[in-house]
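Visitor: next input, structure requested:
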Amino acid sequence: MGKDLHGKSLGKGISQRKDGRYEARAIIHGTKIHLYNMSLTQIRKDFETEKAKVIRNETNNWSNTTLNEWFDEWFKAYKEPKLKGGESTQIYLRKIKNTYIRILGRKKVEFVSSINVQTATNQLIEEEYGYRSIREALSVLRDCFEAALMNRMIQVNPCKDIYIQQADIAPKEKRVLDKWEQDLFLKLTENDIYHDLYIFMLLTGIRIGELSALTWEDIDFYKKEISISKSMKIYYVNKVKYQVVKAPKTLTGYRIIPFFHGVEEALKSWAKIQHELKQSAGANWQPIEEYGNLVFTTSKGTPITRYNLSHNIKKVEKDMIIYETQTAFSEKRVPRQIRSIHPHVFRHTFATNCFKKKLDPVFVQRIMGHASYETTLYYTHLVGEVVEKEIQKTVNFLD
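Guide: Here you go, the predicted model:
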């Protein structure tokens, strides 16, 4: 029996070293276990976990293993070595940890049934998780159980034939700025530092991540075009924020956006503002060199992110509501509703405006970077006035 520095018994296999660390040692079925920790409570927990793991591996007895325990072991042995680490690992874990493992993690692996997985899936739908998020999480869980099947822990994979309700759910309407909302937004941001940025977004349909990573080298004023070849991603690991610039996920993400009317003026106007900000900031201008010469930055030279824009947009949104309320009162009419505005609204508005101007859908697909033609066509149903005109053309099909 091991003892601590005061001679108190700590139990079999555990002792305390002169430097204060606790040490746990054992040999089970020829496998050595050797652990150190400053916490007695933690080393006892880790010691039992490691002993149980060795016994499972040697005897193939997984009867008391929970899904949470098996997932961690499976992920470390099977999946983690294939991932790039950092962002990839954290994204992969979030897909499953926040969904199925949260709901089913405490159940013993051998007792997780198909009805359990289906019920958990239904719960995720009720919690308004998207179809794609549920599908990806279910795919991870299926792989995890497939490995359990191969290790003879279970007789059948409970993730087979799980139904994810999709067709029965009406797609959420994409938020688009009406013409009067667009005009009012730009009117109230005339003196805003990001006025030219908002014009640029409305005239290009660029994604927020692409906007954050855009450099002046991507802008060709001679050919009058913008090259999209990268995107900035933001993720958190242990509550620490990381930003990384990556290539597009698909080939359609690589594209050229032409200068529509107003783009060049907005860029040149912003370039002057950025220069003034840099001069004013002096030593406080602290760009991140690894990202290159970014087009759109904060007043300190750091990348513009979704969070910067969302905060700014919400202030403008409040001003719009106040302005519309006061204007409606003076004009003796009911105020028009202004729904929530988020950064991606500008991309939706651009696509919708393209169809209002009767641009070719294939051309719109290319400059939007849509992988699917159907995704581009989805915007056509948002243009109510165009639909009404088309209906009027038919008069009466039966005649």
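Visitor: and M153, helix, strand or coil?
Guide: coil (DSSP: H, G, I helix; E, B strand; the rest coil).
Visitor: D192 versus that one, what's the distance?
Guide: According to C-beta to C-beta, to the nearest Å, M153 stands 59 Å off from D192. To be clear about C-beta, it is placed using only N, CA and C from the backbone, and glycine gets the same treatment.
Visitor: do M201 as well
Guide: M201 is 13 Å from D192, by C-beta to C-beta.
Visitor: what of S133?
Guide: 34 Å.
Visitor: and if you look at Q182?
Guide: 15 Å.
Visitor: and if you look at A281?
Guide: 18 Å.
Visitor: kindly report the domain assignment for the protein.
Guide: What the record gives for the chain is the domain set 2-59, 67-150, 179-391, from automatic domain parsing.
Visitor: buried ones in the longest helix along the chain, by neighbour count?
Guide: Ranked by residue count under DSSP state H, the longest helix found in the chain is helix 306-330. Neighbour counts using 16 or more other C-beta atoms under 10 Å place 306, 308-309, 312-313, 316-317, 319-320, 324 of helix 306-330 among the buried residues.
Visitor: of M201 and D192, who's got more company?
Guide: Higher neighbour count among M201 and D192: M201, with 24 against 16, using other C-beta atoms under 10 Å.
Visitor: that one and F350 touch, don't they?
Guide: Yes - using C-beta atoms under 8 Å, M201 is in contact with F350, at 7.4 Å.
Visitor: can you give me the strands for the stretch 101-250 of the chain?
Guide: For the stretch 101-250 of the chain, applying DSSP state E, counting those that start in this stretch gives strands covering 219-220, 225-228, 231-237, 240-246.
Visitor: deepest-packed of those, please.
Guide: Comparing the strands of the stretch 101-250 of the chain by mean neighbour count (mean count of other C-beta atoms under 10 Å), strand 225-228 ranks first with a mean of 18.
Visitor: which residues touch that strand?
Guide: 204, 206, 210, 214, 218-220, 248, 253-259, 263, 369 (C-beta atoms under 8 Å, 6 or more residues apart in numbering).
Visitor: likewise stretch 133-148?
Guide: Counting by C-beta under 8 Å, 6+ apart, 62, 70-71, 74-75, 78-79, 92, 95-96, 99-100, 109, 112, 117, 121, 124-125, 154, 157-160, 162, 164 sit against stretch 133-148.
Visitor: where does pLDDT dip in the chain?
Guide: 1, 28-30, 51-52, 54-63, 83-88, 166-173, 235-241, 373-375, 377-399 (pLDDT under 70).
Visitor: and K79, how far is that from V140?
Guide: Taken as C-beta to C-beta, the span from K79 to V140 is 8 Å.
Visitor: ignore what I typed, I meant S227.
Guide: If you go by C-beta to C-beta, the gap between S227 and V140 works out to 35 Å.
Visitor: what's the answer for G7, then?
Guide: From G7 to V140 the distance is 50 Å (C-beta to C-beta).
Visitor: more crowded one of those two?
Guide: It is V140, of G7 and V140, that has more neighbours when counted by other C-beta under 10 Å, with 22 against 6.
Visitor: where exactly do the helices run in the stretch 51-200 of the chain?
Guide: 67-74, 87-97, 100-104, 114-126, 131-150, 179-188, 195-204 (DSSP state H, counting those that start in this stretch).
Visitor: tell me the bridge partners for the residue lying closest to D220 once chain neighbours are set aside.
Guide: Nearest non-adjacent residue to D220, counting by C-beta to C-beta, 6 or more residues apart in numbering: S227, 7.1 Å away. S227 has these beta-bridge partners by DSSP bridges: I256.
Visitor: quick revisit: quick check: neighbours shared by K79 and V140?
Guide: Common neighbours of K79 and V140 (C-beta under 8 Å, 6+ apart) are Y92.
Visitor: need the contact list for I288.
Guide: Taking C-beta under 8 Å, 6+ apart, one finds 243, 302-303 in contact with I288.
Visitor: change it to 10 Å
Guide: 243, 245, 294, 297, 301-303 (C-beta atoms under 10 Å, 6 or more residues apart in numbering).
Visitor: so which of those sit within strands?
Guide: Taking DSSP state E, the ones among the contacts of I288 that sit in strands are 243, 245.
Visitor: can you tell me which two in the contacts of I288 are farthest apart?
Guide: V245 and G301 (15.7 Å; C-beta to C-beta).
Visitor: and the gap between A351 and I367?
Guide: 9 Å.
Visitor: buried sites along stretch 119-136?
Guide: For stretch 119-136, by 16+ other C-beta under 10 Å, it's 120-121, 124-125, 129, 134, 136.
Visitor: JSON lines please, covering these and showing distance to K332.
Guide: Below are the buried residues of stretch 119-136 laid out as JSON lines (distance: C-beta to C-beta, whole Å):
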{"residue": "A120", "distance to K332": "55"}
{"residue": "T121", "distance to K332": "53"}
{"residue": "L124", "distance to K332": "49"}
{"residue": "I125", "distance to K332": "46"}
{"residue": "Y129", "distance to K332": "46"}
{"residue": "I134", "distance to K332": "49"}
{"residue": "E136", "distance to K332": "53"}
